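# got a sequence here, can you model it:
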Amino acid sequence: MRELECDVAVIGAGPAGLAAAAAAKKNGAEKVVIIERDSSPGGILQQCIHPGFGLNYFHEELTGPEYAGRFIAEAEKAGVKVLFNTMALDLREEELMCSGPGGLLRVRSGAVVLAMGCRERTRANLVIPGSRPAGIYTAGTAQRLINIQGHMVGKKVVILGSGDIGMIMARRMTLEGAEVKAVVEIMPYLAGLRRNKVQCLDDFNIPLLLSHTVTDITGVDRVEKVTIAPVDGNKDPICEESREIQCDTLLLSVGLIPENELSRGRGVPLSSVTKGASVNQYMQTEIPNVFACGNVLHVNDLVDNVSRESERAGRNAARYAAGLLPVGRPVSAVPGENVRYVCPQRVIPGGDEEIRLFFRVAAPGEEVTVSARSGDRVLVSRKAPFVNPGEMESLTISAEDAVDLTADITVEVKGGAR
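This is a model prediction of the structure:
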């Protein structure tokens, strides 16, 4: 069996892994290795040929491949080694077992960064009744078939779920000549970014049906029609108000699941809400030498946020490997009023970095106050004209304000609901 030693090992060469690896190298890690199961870097961004990336990070609009290309170049410039066509099989206490072109590989490292990304929920996760014809795809699979392989997946399309990739594929299918009959969303509010609704649905007159779902799929060899129905307050279909839509394709954009099989195998505690690891402000999990970032930690809506979060993970993994990462007894960061979850979930007081808390609201609201407090002390507060569960929010606490924390940090959103 081959063996490889390094300071920091990163699992995944998508946007998270590339940013983490380059940051680790820049912050003192002499040898940084990325384990990547694909034959090229970039991850999901390779198939995201639409613009809209980099507005926050680079202050310019890029396509997915352009955005990935900048981080690929950064990693190459920093001297990061990437092992392609190599699968991480098992994360153990002091080693990572992999399988690659040369057979089994044992990787020993001072720290490991989890950057495996996420996968789409499928029809099996939803248990939609009906037959099992061709023409049912996850939105991401359809995107890869069209953008990478040049295969058009259908002509008359219904999309279930108003997540970002679903709305983006509504536009993509329309531009390729298909007729998108409707985007159907079970929740009473949008699941993705408002800008994607405007640019991908409104600009192309594609109907968005909120508080609706697909209740049946009909077809023998190919999808022939789907049945949709409004839902009540309990998300149960109101079948007497159902109607049929003739179509040959159903795309599913119904959520993402972090790829945490390796994390579970290592015994990394996971959040019941995000399904990703529980971390502190250094992106360090409860297993001290394991760090996590990107969509394997919690599903982000902007890759710009993924990059910054992953740079923090890589930087602090390098510091841990060198024995320089601060330690201490953490306090919890917990969701308060109208907040679904907070990440990171723990904060070590007296650290030497600012603390950026990411969170999602539980319900839409307008003219709200977003704040983080510890006991009766307000650490940071700001006004927001609008919040929505489909858009990530954040608050930044300075290192100085977190020096003497003893009580949990509670993040809350107060104000008018929609």
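# now the helices for the stretch 301-418 of the chain?
Secondary structure of the stretch 301-418 of the chain (DSSP state H, counting those that start in this stretch): helices at 303-321.
# roughly how far does residue 7 sit from residue 263?
Going from residue 7 to residue 263 by Cβ to Cβ, to the nearest Å gives 21 Å. Bear in mind the C-beta positions are built from the backbone N, C-alpha and C, glycine included.
# walking through the stretch 51-200 of the chain, point out its strands one by one.
If you assign secondary structure with DSSP state E, counting those that start in this stretch, the strands in the stretch 51-200 of the chain sit at 51-53, 62-63, 81-83, 87-91, 96-100, 103-114, 118-120, 136-138, 156-160, 179-184.
# do the same with the stretch 251-400 of the chain
256-258, 290-292, 331-335, 339-343, 346-347, 355-361, 365-374, 377-387, 393-397.
# nearest to residue 13, out of those?
Of all the strands of the stretch 251-400 of the chain, strand 290-292 sits nearest to residue 13, with 15.7 Å by Cβ to Cβ.
# contact partners of the closest one?
Applying Cβ atoms under 8 Å, 6 or more residues apart in numbering, the set of residues contacting strand 290-292 from outside is 20, 91, 111-115, 263, 266, 268, 276-277, 279, 282-285, 313-314, 316-317, 320.
# now stretch 226-238
Residues contacting stretch 226-238 (Cβ under 8 Å, 6+ apart): 130, 158, 182, 184, 186, 209, 211-218, 239, 241-245, 247, 250.
# buried ones from those, can you make that a ChimeraX selection?
Buried residues among these (16 or more other Cβ atoms under 10 Å), as a ChimeraX selection:
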select :130,158,182,184,186,209,211,212,213,214,215,216,217,242,245,247,250
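# which of the strands of the stretch 51-200 of the chain is buried the deepest?
strand 156-160 (a mean of 25; mean count of other Cβ atoms under 10 Å).
# now the strands of the stretch 251-400 of the chain as JSON lines including distance to residue 171, mean pLDDT and mean neighbour count?
Shown next, in JSON lines, are those (distance: least, Cβ to Cβ, whole Å; pLDDT from 0 to 100; neighbours: other Cβ atoms under 10 Å):
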{"stretch": "strand 256-258", "distance to residue 171": "19", "mean pLDDT": "94", "mean neighbour count": "20"}
{"stretch": "strand 290-292", "distance to residue 171": "32", "mean pLDDT": "98", "mean neighbour count": "30"}
{"stretch": "strand 331-335", "distance to residue 171": "33", "mean pLDDT": "96", "mean neighbour count": "18"}
{"stretch": "strand 339-343", "distance to residue 171": "28", "mean pLDDT": "97", "mean neighbour count": "21"}
{"stretch": "strand 346-347", "distance to residue 171": "40", "mean pLDDT": "96", "mean neighbour count": "24"}
{"stretch": "strand 355-361", "distance to residue 171": "24", "mean pLDDT": "96", "mean neighbour count": "22"}
{"stretch": "strand 365-374", "distance to residue 171": "27", "mean pLDDT": "96", "mean neighbour count": "19"}
{"stretch": "strand 377-387", "distance to residue 171": "23", "mean pLDDT": "95", "mean neighbour count": "14"}
{"stretch": "strand 393-397", "distance to residue 171": "25", "mean pLDDT": "95", "mean neighbour count": "17"}
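# redo those strands as CSV? Include distance to residue 29.
Below are these laid out as CSV (distance: least, Cβ to Cβ, whole Å):
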stretch, distance to residue 29
strand 256-258, 25
strand 290-292, 12
strand 331-335, 27
strand 339-343, 24
strand 346-347, 24
strand 355-361, 22
strand 365-374, 31
strand 377-387, 32
strand 393-397, 26
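# wait, which of the ones you listed is closest to residue 306?
The nearest among the strands of the stretch 251-400 of the chain, by Cβ to Cβ, is strand 355-361 at 10.6 Å.
# the residue of the chain lying at maximal distance from its centre in helix, strand or coil?
Ranked by distance from the centre of the chain (Cα atoms, centre = their mean), the top residue is residue 240, with 36.8 Å. What DSSP: H, G, I helix; E, B strand; the rest coil gives for residue 240 is helix.
# so who does residue 209 touch?
Contacts of residue 209 by Cβ under 8 Å, 6+ apart are 182-185, 228.
# who does it bridge with?
Per DSSP bridges, residues listed as beta-bridge partners of residue 209: residue 184.
# the one 5 residues further on now?
In this structure, residue 214 bridges to residue 228 when assessed by DSSP bridges.
# ok, now the one 5 residues further on?
With DSSP bridges applied, residue 219 shows beta-bridge pairing to residue 223.
# count of neighbours near it?
Neighbourhood size, residue 219 [other Cβ atoms under 10 Å]: 19.
# that one contacts residue 135, doesn't it?
Yes. Counting by Cβ atoms under 8 Å, residue 135 is a contact partner of residue 219 at 6.9 Å.
# hang on, residue 174 packs against residue 181?
No. Residue 174 is not in contact with residue 181 according to Cβ under 8 Å; the separation is 11.0 Å.
# common neighbours of the two, please.
Shared contacts of residue 174 and residue 181, defined by Cβ under 8 Å, 6+ apart, are not found at any residue.
# list the beta-bridge partners for the residue lying closest to residue 337 once chain neighbours are set aside.
Excluding the flanking residues, the one nearest residue 337 by Cβ to Cβ, 6 or more residues apart in numbering is residue 412, at 4.3 Å. Beta bridges link residue 412 to residue 371, judged by DSSP bridges.
# ok, residue 412 - contacts?
By Cβ under 8 Å, 6+ apart, residue 412 lies in contact with 335-339, 370-373.
# so the spatially most central residue of the chain versus residue 252, what's the distance?
Most central in the chain under Cα atoms, centre = their mean is residue 299, positioned 2.5 Å from the mean C-alpha point. Counting by Cβ to Cβ, the gap from residue 299 to residue 252 is 16 Å.
# got it, and residue 210?
Look at residue 210 and residue 252: by Cβ to Cβ, they are 17 Å apart.
# more neighbours: which of these two?
residue 252 (26 against 16).
# I'd say that one and residue 139 touch.
Yes. Using Cβ under 8 Å, residue 252 makes contact with residue 139 at a distance of 6.4 Å.
# shouldn't residue 71 be in contact with residue 20?
No. Between residue 71 and residue 20 there is no contact under Cβ under 8 Å: 9.9 Å.
# who has more neighbours out of those two?
residue 20 (39 against 27).
# tell me who's in contact with that one.
The neighbours of residue 20, taking Cβ under 8 Å, 6+ apart as the test, are 10, 113, 115, 291, 293-294, 310-311, 313-314, 317.
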